[in-house]
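*Asks:* kindly return the folded structure for what I paste below:
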Amino acid sequence: MTTLKDILAPTYMQMLGALSAWLGKIDEEKMQDGGAALLTARLASDMFPLSTQIRFACVQAQEGMFRLRQEAFPPSIEELLEEGRNAAERPGSIADALARIDSTIGIVKAAAADAPDLDPATPIAHRLPQGMVFDLTGEQYVRDWALPQFYFHVMTAYAILRAQGVDLGKADYVAHMFAYLRPGG
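*Replies:* Numbers count the residues shown, from 1 in each chain. So this is what the prediction gives:
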C-alpha cells in the first residue's frame, strides 16, 4: 500500500534534485556576484523573485514532511520563510540556494525514514499566516495543498531560469523519468 509519505518524500527529493541541477546549468556570465542578479529576477512585478521561489519550495517540502509526522515545525522553517519574504533585498548566492536545497533534501530523507504512516483520513488543520484555516484530511492536504504549492514554487523557479536564458528544456524537468525508460524503445 502506498502511503502519503511514499508520495511526498520521493517527489520532494526528485524535484529538489532537479532544481539543484537547473541551478548547476547557470553559465559563468550569470554567476557574477554569486548570481545575485539572476536570483532577483521575477516573472512579473507582483511575484516573488527566484531566490524566494527556491526558499519557498524548500519550506513547502519541509512543512509537508513535518505535517505528515504531526510534529510542530522547527524554527528553521520560519527563518526560511522570513528570508524568502525579504529575498529581493537579500537574495544570497547560488551557492546559498544550493546549500538550502541540499539541507532540505536531508531533512526530507530523515523525516521520511522513521515517519509513521499517517492514516489518509487523519484531520489536518492547515493554518495560513493571514488567519485562514483549512480543515482537510491527510489525503486532501497532500493532494490539494502540499504537492500543488511545492510544484508552484519549483515551476516558477524553472520559468524564471528559462526566461533569464538558462539552457533548460523539458528533459531537465523530467530527468527523473529517464530511470524508467525502456531500452530500445
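*Asks:* got the contact list for residue 161?
*Replies:* 22-23, 25-26, 38, 50, 168 (CB atoms under 8 Å, 6 or more residues apart in numbering). (Each C-beta comes from the backbone N, C-alpha and C, glycine too.)
*Asks:* typo on my end, residue 38
*Replies:* So residue 38 contacts 26, 30, 50, 94, 161, 164, 166 (CB under 8 Å, 6+ apart).
*Asks:* pull the number of nearby residues for the last one.
*Replies:* By the criterion of other CB atoms under 10 Å, residue 166 has 18 neighbours.
*Asks:* so it makes contact with residue 22?
*Replies:* Yes. Between residue 166 and residue 22 there is a contact under CB atoms under 8 Å: 6.8 Å.
*Asks:* before we move on, the earlier item: can I have the buried ones of the contacts of residue 38 as a PyMOL selection?
*Replies:* Buried subset of the contacts of residue 38, written as a PyMOL selection, criterion 16 or more other CB atoms under 10 Å:
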select buried, resi 26+30+50+94+161+166
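*Asks:* nearest to residue 84 among the contacts of residue 38?
*Replies:* The closest of the contacts of residue 38 to residue 84 turns out to be residue 50 (CB to CB; 10.9 Å).
*Asks:* grab the nearest non-local neighbour of that closest one.
*Replies:* residue 160 (4.5 Å; CB to CB, 6 or more residues apart in numbering).
*Asks:* check for me that that neighbour belongs to a helix.
*Replies:* Yes. Counting by DSSP: H, G, I helix; E, B strand; the rest coil, residue 160 is part of a helix.
*Asks:* point out where this protein drops to low pLDDT.
*Replies:* 185 (pLDDT under 70).
*Asks:* run the chain-centre distance for stretch 135-146.
*Replies:* 17 Å (CA atoms, centre = their mean, to the nearest Å).
*Asks:* hmm, who's touching it?
*Replies:* Taking CB under 8 Å, 6+ apart as the rule, stretch 135-146 contacts 4, 7-8, 60, 63-64, 67-68, 118-126, 134.
*Asks:* tell me how far the residue nearest in space to the middle of the chain lies from residue 76.
*Replies:* Nearest to the mean C-alpha position of the chain, by CA atoms, centre = their mean, lies residue 57 at 2.4 Å. Residue 57 sits 15 Å away from residue 76, going by CB to CB, to the nearest Å.
*Asks:* could you do residue 160 as well?
*Replies:* Distance from residue 160 to residue 76, by CB to CB: 24 Å.
*Asks:* helices of the protein, start to end?
*Replies:* Applying DSSP state H to the chain gives helices spanning 4-24, 36-39, 50-68, 75-85, 94-113, 138-140, 147-163, 170-173.
*Asks:* please identify the buried residues of the second one?
*Replies:* In other words, helix 36-39. So, applying 16+ other CB under 10 Å, buried residues of helix 36-39: 38-39.
*Asks:* repeat that for the third one.
*Replies:* By neighbour count with 16+ other CB under 10 Å, helix 50-68 contains the buried residues 50-68.
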